[in-house]
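> model this:
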Amino acid sequence: MKKRQRQAVVAELSKQMAASDSWCGETHLQKSVFVLQEVLLVPTGFNYTLYKYGPFSRDLRAELSGMRADGFLDVVVQSPPYGPRLLISDASKEQLLRRWQKTLSLYKPQIEFVVERLGSKMGVEALERLTTALWMRSRQSESSELEQAERISEAKPHVSIEQALEAIGEAKQLEAEALQAASSA
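Numbers count the residues shown, from 1 in each chain. This next block holds a predicted model:
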């Protein structure tokens, strides 16, 4: 996927998340793009690593910074203790969403799936646990669920084994729903 196509996907995701009353900060975008890429196989090409608060991409952070510098994303400051929201700008609507309509129509079902499942329904703690479970399932698929939960809890001491097991169950459900959505499309 070309840079501007990738930016159009991120911009459309931001637009739809904001429309669904999602916080639409960097954390939600990081986790949502992770699910788009890793679960729904949208080829955004971002490299993710597991950090304290779940999967994180330095590449995506740089892309978001570039989009802000290019005028494609506006930073909307919130009252403390809340972080800023990243919302699409008029330039983004003109130069990304309009220009890359074919790309966006190709990935529209995947974007809508992510917005529906992760948008306004999930706080950052639950989002962290879910995406960490997705990360662990994809990279430790030979391990049992209990072993995966133990690894999550080891990597994230603030996540209990019980919470990790619950997140693994949610991850399995999300993967099954994504597979079902893909087969019915």
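> CA only for contacts and neighbour counts going forward, please
OK.
> number of nearby residues for Pro55?
Using other C-alpha atoms under 10 Å as the criterion, Pro55 is surrounded by 23 other residues.
> for it, helix, strand, or coil?
strand (DSSP: H, G, I helix; E, B strand; the rest coil).
> check contacts around it.
Pro55 makes contacts with Gln30, Lys31, Phe34, Tyr48, Thr49, Glu128, Thr131, Thr132, Trp135, as judged by C-alpha atoms under 8 Å, 6 or more residues apart in numbering.
> how many residues are close by the third one?
By other C-alpha under 10 Å, 26 other residues sit near Phe34.
> and it, that's in a helix?
Yes - counting by three-state DSSP, Phe34 is part of a helix.
> how far out from the middle of the chain is stretch 86-98?
Averaging C-alpha positions (C-alpha atoms, centre = their mean, to the nearest Å) puts stretch 86-98 19 Å from its chain's average.
> extract the CA atoms of it and return them as CSV.
Extracted C-alpha coordinates of stretch 86-98, given in CSV (Å, rounded to 0.1, in the frame of the first residue of the first chain):
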residue,chain,number,x,y,z
LEU,A,86,-6.9,13.3,16.3
LEU,A,87,-9.6,14.4,13.8
ILE,A,88,-9.5,14.7,10.1
SER,A,89,-9.1,18.1,8.5
ASP,A,90,-10.7,19.6,5.5
ALA,A,91,-7.5,19.0,3.6
SER,A,92,-7.7,15.4,4.5
LYS,A,93,-11.2,15.2,3.1
GLU,A,94,-10.1,16.9,-0.1
GLN,A,95,-6.7,15.3,-0.7
LEU,A,96,-7.0,11.8,0.8
LEU,A,97,-10.6,10.7,1.1
ARG,A,98,-11.7,12.0,-2.2
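> got a list of contacts for that stretch?
4-5, 7-8, 11-12, 14-15, 18, 24-26, 71-76, 104.
> residues touching Phe46, list them.
Contacts of Phe46 (C-alpha under 8 Å, 6+ apart): Ser57, Asp59, Leu60.
> and if you look at Gln140?
Applying C-alpha under 8 Å, 6+ apart to Gln140 gives the contacts Gln148.
> quick one: pLDDT of it?
Looking at Gln140, its pLDDT stands at 90.
> begin at 40 from now on, thanks
Sounds good: first residue 40 from here, last item Gln179.
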